[in-house]
Structures are given as C-alpha cells and as structure tokens.
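>>> Show me the folded form of this:
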Amino acid sequence: DMFKNYVNDIHDYFDKYKDHPLIVLASKLRDTRGVGFDAVMKMAVHISQPPELNPIIPFTSMVPEPRWGKENAEKFIELLKQFYIDTNCEDFFKQHDDMFFIAQERFKIIYDHFDVSWYNKFYGTALKGNFNILIGLGNCGGNYGAKIVYTDNKEDDYAIMGTWSADSLGNPIYRLDGYLPTLIHEFNHSYVNHLIDGNAKEFENSGKILFEQVKDIMKRQAYPNWQIMMNEALVRASVIRYLKSHNNSPSEINIEIQTQIVKGFTWMKELVAALEFYENNRDEYPTLESFITMLVSFYDDLTLNMKVPVK
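Below is the predicted model:
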C-alpha cells in the first residue's frame, strides 16, 4: 500500500466484491499454484482491453504463464469478464482519469532518459517488436518484465512499472534515481530470460549450488529457485553495464554493485567483469547468446569449490 490514494480507492470500491467467484478462484490459484507476482502481470498483457478481455494469443499450458495452466486461465478470463460487468468496473477507471493523466505526464521524465537503442547494441540482436511501458498504480513496489510472442515470432516487450512514491497531495511522482534503473532492469528480462531458460541444463549444477548458499535471502525477494535467481543476476549485471555505458561515475557504479551484493548476489562484481569482457570482445562474441558458453564456464568456475550442504 505504498501508493495509498489509489490502493485505498481500490479497497473502498471493490472490497464488497471479495466473495465474487473471480476473487475466490484467484485466491485458490494463488494458494495452490503460486499464481502471483509476474504470473498475474503476464495474464494482464496477454488479454485485450476491457470490456472484451479476450486472449491476444491462444492460451496454452505455457501461455500466459505455466503457473496458470490452460484450463485455469480460460476459467479466469470468463469470470473476469463477469466481474467487470458485476462491479461496473468502468466507473472506477473513469473516476481516476485525472490520476492516470498525472502519472503518464510525470513518468515522461523517466521515458525521456531511457535509451532504447542500447539493448540491440548490448545484446547484439534486433528488436522483434515494440517496447511498451505500463504504469501499475496498484503494484506499488512491484515491477515486472513480460512479453507476448506471436505465432509469426514477432513480440511485444513490456516493462510494468510500479508506483511507490507520491507528493504531498498524494499524486504519483517518479524520480530518475529510483525508477530509471528499474525500467532498464525490466526490459532486460525480455532479452535475458530465454538465454538462461534455454540453456537450463548447462546452468543447472552451478545454479543449484549457488542458490543453496543464498536461498533464504532470495526467497524473501520472491525468487524461489536457482533459475529465477540466475535470470535476476544477469539482468542486474546488465543494468550495471548500461549505467557504465551512459557515463555514470565509478562511485555510482560501485554503489549499484554493492546494492546487489547486499541483496544476495554476492558474485555481482565478477559477473559484471565477465560482461565487460564480452563487450570488449564483440568480434568474437557478436551477441550475448554467442557468449553463453562463457557464462556457463564462469558459473562452473565460481562454484567449483562450493558444496551443497548435506540435508
């Protein structure tokens, strides 16, 4: 409830519908299948605008996200359409048009400082679709990266930004030092996740060993397994390379590295150095994907003398 004005309005308007079949199903899916955090946001971007609320691409066991499951996702959508009607949801949105406009206008300072061209340069791969920034006023400190991959392999990449700061009147404000690195972070997921996930077998041994050392702090951040941890580590190291390439001072870079170390990514300095080696040898490694075997070796070497505690 960091952005109290909007969150309080949500409760005032919708709490009387807490026993609606949609909410009952959502609670069940959260408790039994772990549908929360990015799984919810991936559902949001995979459906059309209200009142239609139809899947943009067909749901499968993997779309919008594996935690949903095809049958549950389809049932959720049908109940969501009914919820939209039963709650007269459109009125709630109309009541907040002014707030939405303020948020959009104030977020422009972040947008204007965002260098979208860096991604193609750093990763060495062309954008397959569009970058989209969504402001989640009710997400508070939660920020997410998501993408839609269409049947023709085009894609839409999303950074879903929370809102965790407000002015004296309770309207949203967006500061460069907090929101810009987060925006950079979330779009990195669209380039990173498939690299780790697509080479899971090669990363698995070192990932499990490393996760065992830091699992408590990772789980407190909703990173419940080694694969998510490895995605996050590479995303965060890539953010630091972005900051470095945009003339942030050595002290600012060091602060960012230390921040990640405190969050449990104790190998961040070394991983950033590995990415610097990649950037300095682009003739040999034209894309980050072509550097993936070196990252596998990096993690194997990092965990060589670590042991998973016997339980």
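
>>> Please work out how many residues are found near residue 151.
Residue 151: 7 surrounding residues under other CB atoms under 10 Å. Bear in mind the C-beta positions are built from the backbone N, C-alpha and C, glycine included.

>>> these two touch, right, it and residue 63?
No. Applying CB atoms under 8 Å, one finds residue 151 not in contact with residue 63, separated by 11.1 Å.

>>> tell me, what's touching those two both at once?
residue 57 (CB atoms under 8 Å, 6 or more residues apart in numbering).

>>> all helices of the chain, in order?
4-14, 21-33, 38-45, 70-86, 89-95, 97-112, 117-123, 176-197, 200-220, 226-245, 250-262, 268-280, 292-302 (DSSP state H).

>>> so of those helices, which one's packed in deepest?
helix 226-245 (a mean of 21; mean count of other CB atoms under 10 Å).

>>> Let me know the angle separating it from helix 200-220.
80 degrees (axes from the mean of the first three to the mean of the last three CA atoms, to 10 degrees).

>>> CA atoms only for helix 226-245, dumped as PDB, please.
Listed next in PDB are the C-alpha coordinates belonging to helix 226-245 (Å, rounded to 0.1, in the frame of the first residue of the first chain):
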ATOM      1  CA  TRP A 226      18.000 -21.200  -9.000                       C
ATOM      2  CA  GLN A 227      16.700 -20.400 -12.500                       C
ATOM      3  CA  ILE A 228      14.900 -17.200 -11.400                       C
ATOM      4  CA  MET A 229      18.000 -16.200  -9.400                       C
ATOM      5  CA  MET A 230      20.200 -16.700 -12.400                       C
ATOM      6  CA  ASN A 231      17.900 -14.600 -14.600                       C
ATOM      7  CA  GLU A 232      17.900 -11.900 -12.000                       C
ATOM      8  CA  ALA A 233      21.700 -11.900 -11.600                       C
ATOM      9  CA  LEU A 234      22.300 -11.500 -15.400                       C
ATOM     10  CA  VAL A 235      19.600  -8.800 -15.600                       C
ATOM     11  CA  ARG A 236      21.100  -6.800 -12.800                       C
ATOM     12  CA  ALA A 237      24.600  -7.100 -14.100                       C
ATOM     13  CA  SER A 238      23.400  -5.900 -17.500                       C
ATOM     14  CA  VAL A 239      21.800  -2.900 -15.800                       C
ATOM     15  CA  ILE A 240      25.200  -2.000 -14.400                       C
ATOM     16  CA  ARG A 241      26.700  -2.300 -17.900                       C
ATOM     17  CA  TYR A 242      24.000   0.100 -19.100                       C
ATOM     18  CA  LEU A 243      24.800   2.600 -16.400                       C
ATOM     19  CA  LYS A 244      28.500   2.300 -17.100                       C
ATOM     20  CA  SER A 245      28.000   2.900 -20.900                       C
END
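
>>> mean confidence score for it?
Averaging pLDDT along helix 226-245 gives 96.

>>> starting at the chain centroid, how far to that helix?
12 Å (CA atoms, centre = their mean, to the nearest Å).
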